[in-house]
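Visitor: kindly generate the corresponding structure for this input.
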Amino acid sequence: MTERRTARRYDLSLPVLIHLPVERNACNGKTRDISTRGVYFLIGDQFTAGSELDLTMTLPAEVTGGTEVFIRATGKVVRVEKTAGNDDRQVGVAALIQRYEIVRSESMKA
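Guide: Below you'll find the model as predicted:
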């Protein structure tokens, strides 16, 4: 199998808030890895390939080397797969990031 990724992936386990604008509901998940072009996260809800989503993640100060950084992103689900493990309800979701914004915690307080 050939590697098709064009952006470096970082193994980061971070809480992520996923909002589905069309369905107007939100749920929580946990990232497994992330890059500037995509994210893979684990979640207990079902998603469908092609679904639009909004993501909000917080990079802690330990990761950024300074202050907390918030990432807001919009994207589209490209793959949904069952995960290996004990929890049959949990699925892995690969999403293409179409747009993102990085906000430092100082800006959030203002």
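
Visitor: for the residue nearest in space to the middle of the chain, list each beta-bridge partner.
Guide: Closest to where the C-alpha atoms of the chain average out (Cα atoms, centre = their mean) is residue 39, at 4.7 Å. Beta-bridge pairing of residue 39 under DSSP bridges involves residue 34, residue 95.

Visitor: contact partners for residue 35?
Guide: By Cβ atoms under 8 Å, 6 or more residues apart in numbering, residue 35 lies in contact with 5, 7, 8, 9, 10, 97. No exception for glycine: its C-beta is placed from N, CA and C like everyone else's.

Visitor: circling back to that earlier point, the residue nearest to the centre of the chain against residue 73, yeah?
Guide: Yes - between residue 39 and residue 73 there is a contact at 7.5 Å, judged by Cβ atoms under 8 Å.

Visitor: now the common contact residues for those two.
Guide: Common neighbours of residue 39 and residue 73, using Cβ under 8 Å, 6+ apart, are 55, 97.

Visitor: list only those of the contacts of residue 35 flagged as buried.
Guide: Among the contacts of residue 35, those buried by neighbour count (16 or more other Cβ atoms under 10 Å) are residue 97.

Visitor: quick one: residues contacting residue 103.
Guide: Counted by Cβ under 8 Å, 6+ apart, residue 103 has contacts 69, 70, 71, 72.
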